[in-house]
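**Q** Okay, here's the prediction I keep looking at, along with the sequence it came from:
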Amino acid sequence: MVYTKKDTLRVMIITKDHRIEGDMYVLEGSRLTDSLNAKGKDFYALTSARIYNVCDGALIAAPEFIAVARDAITAIFPVDTQSQG
């Protein structure tokens, strides 16, 4: 079995209807944009996710795993977990 070291990156994803926060795994030492530019990915996996309604901010679900379709993403960015209370 081949093991690839990965870094955990807390991200926020905005879709048409949802705001999703979760942990995304990127190759060790790479940037979020490197992972997003990988053409072979149709879905991005997140763990420890929280899904909110984009209109009212209501928590919809908190799954341990979710796969988000690349085509559904309007915006994605890293979240600084140090500044959250």
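**A** Arrived safely.
**Q** was I right about residue 52 contacting residue 17?
**A** No. Counting by C-beta atoms under 8 Å, residue 52 stays clear of residue 17, with 9.9 Å between them. Every C-beta, even on glycine, is put in place using the N, C-alpha and C of the backbone.
**Q** Compare those two (neighbour count), which wins?
**A** residue 52 (18 against 13; other C-beta atoms under 10 Å).
**Q** and that one, what element?
**A** Residue 52 belongs to strand 43-53 when assigned by DSSP states H and E.
**Q** Name the strands paired with that strand and say parallel or antiparallel.
**A** Within its sheet, strand 43-53 is paired with strand 18-27 (antiparallel), strand 59-61 (antiparallel), strand 65-69 (antiparallel), according to DSSP bridges.
**Q** looking at this protein, which helix or strand is least sure?
**A** Every helix and strand of the chain was ranked by mean pLDDT, DSSP states H and E. The lowest is helix 32-36, at a mean of 81.
**Q** Only the buried residues of the helix or strand containing residue 8, if you could.
**A** For residue 8, the host element (DSSP H and E) is strand 6-15. Neighbour-count burial for strand 6-15 flags 9, 10, 11, 13, 15 (criterion: 16 or more other C-beta atoms under 10 Å).
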